[in-house]
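S.K.: everything below, folded, please.
(chains A and B)
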Amino acid sequence: MIKTDILIIGAGPTGLFAVFEAGLLKLKCHIIDALPQIGGQLSELYPKKPIFDIPGFPEVLAGDLIKNQMEQIKQFEPGFTLGERAETIEHQEDGTFIVTTDKGTQHHANAIAIAGGLGSFEPRKPVIEDIEFYEDKGVEYFVKDPERYRGKRVVLAGGGDSALDWSIFLANVASEVTLIHRRNEFRGALDSVEKVQELKHQGKIRLITPAEVIGLNGSEKLESIDIEENGAHRKLETDFLIPLFGLTPKLGPIANWGLEIEKNAIKVNNALDYQTNIPGIYAIGDVNTYPGKLKLILCGYHEATLMCQSVYQRMNPGKKYVLKYTTVSGVDGFDGTRKEAEKAVVKSID
Amino acid sequence: MSDIKITIIDRDGASHEVDAPTDMNMNIMELVRAYELAPEGTIGICGGMAMCASCQCYVVNDVDLPEKSDDEEAMLSEAFHVKPNSRLGCQINITPEIEGLVVELAPEY
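M.R.: Numbers count the residues shown, from 1 in each chain, chains lettered A, B, ... in the order given. I've put the predicted structure just below:
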């Protein structure tokens, strides 16, 4: 079992900054995120887009902000459980919590900070009749283990980077790769588009455009799909259909933790410390709501800071502490490193 | 600068004629959020970058709208419930030219 002081759910900018503020108070943090990489929306949706309202940065690319934040918290050695979704919470008698992910990883923490943004990213499922029935029986929304597809017939649907990239990859694994997209144009990196073109000419990828998957067939598992191409219908036999239409955030299992939810967000006490209706569970950043809430990264930073002070009080009742300034006190990392301001020289001038 | 009238048909089919400011660089998705005509978290998820299609709407009447950008075309080609009159609300800026526009919000998914 992973043990930590603050268990942060969500590795976006707010969650990452919480590690820093917690570190100043000598509190250890561990972060869970459903995505395989850190950064949340900033890495998943818009890593190359500029942000103009981070104080001190006239302009910073979302991906660079995350890289910088990671550098900033390195000293505090946060732990990460990535690619797993926080699923259940158990309240312990001593006021601590055990959070278990969908893959069974357990985390024991003194406090929980939900920094889940808009929720955990889940695949957007196309609107096709009976698609739920075929999930894991031929229909898959992620390519988890490419070996599953060795020697099999695979149809991918979608027009973005992941549809292109996986078509290219599976062209050398599957016995047959078909890529279906509603338009002739693809939105992806230029070299991916060109590579698919090349593989198409080599006969390694079959491209069906403009077309759409409109039906699924098979008694026990997926056996064939119905395609509409230029108004005409036809059937295509396949072992797998992998729809890749991007990800959409859903509040997910957290919604069942007994927290007060309003407007798809978690209600918190903003007058004090961004604590939820359950003592010891906080919600910071885009995932929370309170009167006057603004979903801005810079507001998330502020909320993270106040949350950490509150957790310190919770873990050390009655222990005195005053806010310190990093410029004055420096930053002592858990890794033994220390950052501090250069000492002024006191020396007479002859 | 004066406001214009825009009609939004929400996901339950109710019609709302609202005042839309033309001087705040706002778009249709933001207008829907401002008037809370769709629950928070179900519209404008990507913030207005034409990257999620949660603000998809159907243009009901004949109003001259700006052409779709490549980004909008690409996103709509991957969205669901798409019709020939589908647009992304976040890509329609509120300008005096679109006075009287009527749009219907596409279903949430």
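
S.K.: whichever residue of chain A sits closest to chain B: neighbouring residues, count only.
M.R.: Going by C-beta to the nearest C-beta, chain B is nearest to A:N264 of chain A, at 3.0 Å. For glycine as for every other residue, the C-beta is placed from the backbone atoms N, C-alpha and C. A:N264 has 17 neighbours, counted by other C-beta atoms under 10 Å in any protein chain shown.

S.K.: OK, contacts around it?
M.R.: By C-beta atoms under 8 Å, 6 or more residues apart in numbering or on different chains, the residues touching A:N264 are A:251, B:39-42.

S.K.: chain A contacts on chain B?
M.R.: Taking C-beta under 8 Å from any C-beta of the partner chain as the criterion, chain B approaches chain A at residues B:39-42, B:45-46, B:49, B:51-52, B:54, B:70-71, B:73-74, B:77-78, B:80-82, B:109.

S.K.: which residue ranges form the helices in chain A?
M.R.: Counting by DSSP state H, chain A has helices at residues A:13-24, A:41-44, A:62-73, A:131-134, A:161-170, A:190-201, A:297-315, A:326-329.

S.K.: then the longest one to PDB, C-alphas only?
M.R.: What it means is helix A:297-315. The C-alpha coordinates for helix A:297-315 follow below in PDB (Å, rounded to 0.1, in the frame of the first residue of the first chain):
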ATOM      1  CA  ILE A 297      -5.300  27.900 -13.500                       C
ATOM      2  CA  LEU A 298      -4.200  30.800 -11.300                       C
ATOM      3  CA  CYS A 299      -7.200  30.400  -9.100                       C
ATOM      4  CA  GLY A 300      -6.400  26.700  -8.700                       C
ATOM      5  CA  TYR A 301      -2.900  27.600  -7.500                       C
ATOM      6  CA  HIS A 302      -4.400  29.800  -4.700                       C
ATOM      7  CA  GLU A 303      -6.900  27.100  -3.700                       C
ATOM      8  CA  ALA A 304      -4.100  24.500  -3.600                       C
ATOM      9  CA  THR A 305      -2.100  26.800  -1.200                       C
ATOM     10  CA  LEU A 306      -4.900  27.300   1.200                       C
ATOM     11  CA  MET A 307      -5.800  23.600   1.100                       C
ATOM     12  CA  CYS A 308      -2.200  22.700   2.200                       C
ATOM     13  CA  GLN A 309      -2.300  25.000   5.200                       C
ATOM     14  CA  SER A 310      -5.600  23.400   6.200                       C
ATOM     15  CA  VAL A 311      -4.200  19.900   5.900                       C
ATOM     16  CA  TYR A 312      -1.200  20.900   8.000                       C
ATOM     17  CA  GLN A 313      -3.500  22.100  10.800                       C
ATOM     18  CA  ARG A 314      -5.600  18.900  10.500                       C
ATOM     19  CA  MET A 315      -2.500  16.700  10.800                       C
END
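
S.K.: what does the stretch 251-350 of chain A put close to chain B?
M.R.: Within the stretch 251-350 of chain A, the positions adjacent to chain B are A:251, A:263-265, A:289 by C-beta under 8 Å from any C-beta.

S.K.: so where's the chain uncertain?
M.R.: Let's take chain A. Of all residues in chain A, none has pLDDT under 70.

S.K.: nope, chain B
M.R.: Under the criterion pLDDT under 70, the flagged ranges of chain B are B:1.

S.K.: tell me which residue is most central in it.
M.R.: In chain B, the centroid-proximal residue (C-alpha atoms, centre = their mean) is B:G89; its distance is 2.4 Å.

S.K.: right, and it touches B:A53 too?
M.R.: No - if you go by C-beta atoms under 8 Å, B:G89 and B:A53 don't touch, sitting 9.9 Å apart.

S.K.: one step back: any idea which of the contacts of A:N264 is closest to A:E132?
M.R.: Sorting the contacts of A:N264 by distance to A:E132 puts A:L251 at the head of the list, at 19.8 Å, by C-beta to C-beta.

S.K.: picking that back up, write the PyMOL selection for whichever of the residues of the stretch 251-350 of chain A next to chain B are buried.
M.R.: Command for PyMOL that selects the buried part of these, burial taken from 16 or more other C-beta atoms under 10 Å in any protein chain shown:
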select buried, chain A and resi 251+264+265+289
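
S.K.: other residues contacting stretch A:311-318?
M.R.: Residues outside stretch A:311-318 that contact it (C-beta under 8 Å, 6+ apart): A:5-6, A:22, A:25, A:27, A:110-111, A:113, A:279-280, A:282, A:321.

S.K.: what subset of the residues you listed is buried?
M.R.: Listed as buried from those are A:5-6, A:22, A:25, A:27, A:110-111, A:113, A:280, A:282; burial here means 16+ other C-beta under 10 Å.

S.K.: most widely separated two among those?
M.R.: Greatest spacing in those, by C-beta to C-beta: A:L25 and A:G280 (16.0 Å).

S.K.: and the residue of chain B closest to chain A?
M.R.: Here the residue of chain B nearest chain A is B:G41; by C-beta to the nearest C-beta that distance is 3.0 Å.

S.K.: ok, and the closest non-adjacent residue to that residue?
M.R.: A:N264 (3.0 Å; C-beta to C-beta, 6 or more residues apart in numbering or on different chains).

S.K.: A:Q41 contacts A:L118, correct?
M.R.: Yes - A:Q41 lies in contact with A:L118 (C-beta under 8 Å); the separation is 7.2 Å.

S.K.: between the two, who's got more neighbours?
M.R.: For A:Q41 versus A:L118, the count of surrounding residues by other C-beta under 10 Å is larger for A:L118: 27 against 24.

S.K.: give me the neighbour count for the closest residue to the more buried one other than its chain neighbours.
M.R.: Using C-beta to C-beta, 6+ apart and skipping residues adjacent in sequence, the residue nearest A:L118 is A:P249, 3.6 Å away. Neighbours of A:P249 under the rule other C-beta under 10 Å: 25.

S.K.: wait, what's in contact with A:G63?
M.R.: Neighbour list for A:G63: A:39, A:42-43, A:47-48 [criterion: C-beta under 8 Å, 6+ apart].

S.K.: swap the cut-off to 10 Å and go again
M.R.: A:39, A:42-43, A:46-49 (C-beta atoms under 10 Å, 6 or more residues apart in numbering or on different chains).

S.K.: what is the burial count for residue 64?
M.R.: All of this is about chain A. Neighbours of A:D64 using other C-beta under 10 Å come to 16.

S.K.: you looked at the wrong chain, it should be chain B
M.R.: Per other C-beta under 10 Å, the neighbour tally for B:D64 reads 7.

S.K.: which residues touch the residue nearest to A:I208 when sequence neighbours are not counted?
M.R.: Nearest residue to A:I208, sequence neighbours excluded (C-beta to C-beta, 6+ apart): A:I180, at 4.7 Å. Counting by C-beta under 10 Å, 6+ apart, A:I180 makes contact with A:155-159, A:163, A:206-213, A:225, A:227-229, A:236, A:241, A:243.
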